[in-house]
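Chemist: Sequence and predicted structure below; questions after.
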Amino acid sequence: MRIGILKCGQSPEVIRDELGDYDTMFERLLAGRGFTFRSWHVEAMDFPASVHEADGWLLTGSRHGVYEDHAFIPPLEAFIRDAYASHVPLVGICFGHQIIAQALGGTVIKSPKGWAVGAQDYDFGGEKITLNAWHQDQVVVLPKDATVLGHNEFCENAALVYNDRAFTVQAHPEFPDRFIQGLIDHRAKGVVPPELVAEAETHMGEPRQSGVLADRIEAFFKAPRQALTSEKGAA
């Protein structure tokens, strides 16, 4: 199965050689599951010619806010809507989670609750899943087709599913602790409150359930899709 990775940003250059860019981290997360990968750097206006160039699309994180004025955001939203209408499955992580929601009619804001950094526990229908997070923005109004799949007290809309068409997660299953530490070292100063940094560092090395999320992403991509109706392209 061909998975197209839409890079909505890049990892910090100072740690990229050691830990990889966003697309390579997803390739590691989903290795050995029968997928092949190709990446497009959409942040740099490198877009696929068609939503059918891959069997499914994975949208990465980014340092940008989806509500900001960047050239790549309007065409990315149009691509999302086209893929959604064409029943080509979408998976979104962090920024990807947010831009899919915004493209489909939801609302994303810089949350007054502040930052989530490092290990966070999420309730997925009674199953506790611990994942690394790095975000301040949140989806606060759901698109009409979205159902909450995972949440916690800090982030009510932490994972969403849109029937068989999209599966999105606010946290970062692809981020190992070493990458969170790299973000702390190179992006947190003057941005993330020191007490949140200290709390995140106390939980380094504790178990994460990134593999559980990888299983869910695999299952979503490989699930049978609903057949298109005669009104092809209708959302």
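Modeler: Arrived safely, thanks for sending. Residues are numbered from 1 along each chain as shown.

Chemist: From now on I want contacts and neighbour counts done on CA atoms only, so please keep to that.
Modeler: Will do.

Chemist: what about the strands in this structure?
Modeler: 2-6, 36-40, 56-59, 90-93, 107-110, 116-124, 127-135, 137-141, 147-150, 159-162, 166-169 (DSSP state E).

Chemist: closest one to I180 among the ones you listed?
Modeler: If you check each of the strands of the chain against I180 by Cα to Cα, strand 116-124 wins as the nearest, at 6.5 Å.

Chemist: For the worst-scoring helix or strand of the chain on mean pLDDT, name the packing helices and strands.
Modeler: Lowest mean confidence among the helices and strands of the chain (mean pLDDT, DSSP states H and E): helix 13-19, at a mean of 92. Based on contacts counted as 3 or more Cα pairs under 8 Å, 6 or more residues apart in numbering; DSSP states H and E, the elements that helix 13-19 packs against are helix 177-187.

Chemist: on contacts alone, who are the packing partners of the helix it packs on?
Modeler: Under the contact definition 3+ Cα pairs under 8 Å, 6+ apart, helix 177-187 sits against helix 13-19, strand 116-124, strand 127-135.

Chemist: Of all these, which one comes closest to S62?
Modeler: strand 127-135 (9.8 Å).

Chemist: Pipe the helices and strands packed on helix 177-187 into CSV and attach mean neighbour count and distance to V51 per row.
Modeler: CSV is the format used below for the helices and strands packed on helix 177-187 (neighbours: other Cα atoms under 10 Å; distance: least, Cα to Cα, whole Å):
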stretch, mean neighbour count, distance to V51
helix 13-19, 13, 28
strand 116-124, 21, 30
strand 127-135, 20, 28
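
Chemist: I93: which of the ones you listed is closest?
Modeler: Closest approach to I93 among those (Cα to Cα): strand 127-135, 10.2 Å.

Chemist: what's the closest one packed up against?
Modeler: Counting contacts by 3+ Cα pairs under 8 Å, 6+ apart, strand 127-135 is packed against strand 116-124, helix 177-187, helix 210-222.

Chemist: Just put those in JSON lines and tack on mean pLDDT and distance to G150.
Modeler: Below are the helices and strands packed on strand 127-135 laid out as JSON lines (pLDDT from 0 to 100; distance: least, Cα to Cα, whole Å):
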{"stretch": "strand 116-124", "mean pLDDT": "98", "distance to G150": "4"}
{"stretch": "helix 177-187", "mean pLDDT": "95", "distance to G150": "21"}
{"stretch": "helix 210-222", "mean pLDDT": "98", "distance to G150": "11"}
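
Chemist: This completes my enquiry, with thanks.
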